[in-house]
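> All I have is the shape, not the residue letters:
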């Protein structure tokens, strides 16, 4: 059976903590592939245009043969995108293969899972894998969710996309938090300034 990780997010911008987490989870779960899915029109967050986030994700994650970047949430729609719908689309894409999907979530997301569209269905479509995030408290998660998740500890780093955006706005360096290619893309396209 093929094991595929699904790592969604705004990736606004993608940074090294995303790469390290994905690599760690890929190894821990012996995944065949990790698919990064930049969110389309995210119902809970605002961000720069999806085309920029997709381009940066390709630059950030494109050098790993087990990593793939998908535009499944971005292409052809300005409507809000929901993880449950994306998982259903992926099940159809892989319907001719024996595939198990692993949805990778930051611990902060498990705390607000009740705000997501059809959260119970996520568990039917995939195995939920929760990775640690600085400052999150998994014990506060609803028992009906926390009893069904698989926790994979990862190296924790105090790096966030919001912090990187602030540094860039303040004309400070975000070097080493993001790849050189992503950094160049940000400045060439005057993002976050």
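Perfect, I can see it now. The shown structure was predicted, so the numbers you read here are calculated from the model rather than taken from an experiment. Numbers count the residues shown, from 1 in each chain.

> mind checking which helix or strand of this protein has the lowest mean pLDDT?
Ranked by mean pLDDT, DSSP states H and E, the weakest helix or strand in the chain is helix 143-146, scoring a mean of 80.

> what sits against the residue in the chain sticking out farthest from the centre?
Relative to the C-alpha centroid of the chain, counting by Cα atoms, centre = their mean, residue 171 is the outermost residue, at 26.4 Å. Applying Cβ atoms under 8 Å, 6 or more residues apart in numbering to residue 171 gives no contacts. C-beta coordinates here come from the backbone N, C-alpha and C atoms, glycine included.

> per-residue confidence at it?
pLDDT for residue 171: 95.

> returning to what we had before: off-centre distance for the least confident helix or strand of the chain?
21 Å (Cα atoms, centre = their mean, to the nearest Å).

> which ones are touching residue 163?
Contacts of residue 163 by Cβ under 8 Å, 6+ apart are residue 177.

> Residue 2 now?
By Cβ under 8 Å, 6+ apart, the contact list for residue 2 reads 32-33, 94, 97-100.

> circling back to that earlier point, ok, then the element right after the least confident helix or strand of the chain?
Following helix 143-146 in sequence order, the next helix or strand is strand 150-152 (DSSP states H and E).

> Give me the contacts around that following strand.
Under Cβ under 8 Å, 6+ apart, the answer for strand 150-152 is 24-25, 28-29, 127-132, 138.
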